[in-house]
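Participant: fold the following and give me the result.
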Amino acid sequence: MPLPSEWVEKAKVLFSDARRHLEEGRYRLTCFETQQVAELYLKALLVMLTGTYPFTHDLVELIEALRDLGLRPPEELYTYADALTPHYAMARYPGGSP
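Facilitator: Next up is the predicted model:
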């Protein structure tokens with residue numbers, strides 16, 4: 001069963017934007033977009049498996065939801081997710097703009 005296409009297409013656009021912003025040296029924006037890509041793919045997988053997803057931007061929570069379904073994410077994924085999650089808020093609110 002494929003991942004929901006709307007989620008994947010949005011993630012692909014954001015990933016392309018993130019690559020461009022990385023080349024431009026816009027690192028905060030790159031981190032925000034990369035966090036969004038990860039969030040979209042994790043939620044797409046949850047939607048594919050369950051038809052729904054947790055209403056959170058916390059990547060660790062999303063990975064734990066997948067683990068609760070019986071998937072076995074690699075341990076280092078938790079480290080990366082924990083490091084990337086704060087970039088969602090930092091890029092969106094004053095004081096953390098790109």
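
Participant: look up phi and psi at residue 25.
Facilitator: Phi and psi for residue 25, reported as degrees, to the nearest 10, are phi 80, psi 20.

Participant: that should have said residue 3, apologies.
Facilitator: Per degrees, to the nearest 10, the backbone of residue 3 is at phi -70, psi 150.

Participant: name the nearest residue to it, ignoring sequence neighbours.
Facilitator: Spatial nearest neighbour of residue 3, chain neighbours left out: residue 44 (4.3 Å); criterion: C-beta to C-beta, 6 or more residues apart in numbering. From N, CA and C alone the C-beta is placed, and that goes for glycine too.

Participant: look at that neighbour and report its pLDDT.
Facilitator: According to the prediction, residue 44 has pLDDT 96.

Participant: that one contacts residue 11, correct?
Facilitator: Yes. The pair residue 44 / residue 11 is scored as a contact, 7.4 Å apart, by C-beta atoms under 8 Å.

Participant: burial of the nearest residue to residue 85 once chain neighbours are set aside, as a residue count?
Facilitator: Among residues not flanking residue 85 along the chain, residue 59 sits closest, at 4.9 Å (C-beta to C-beta, 6+ apart). Residue 59 has 22 neighbours, counted by other C-beta atoms under 10 Å.
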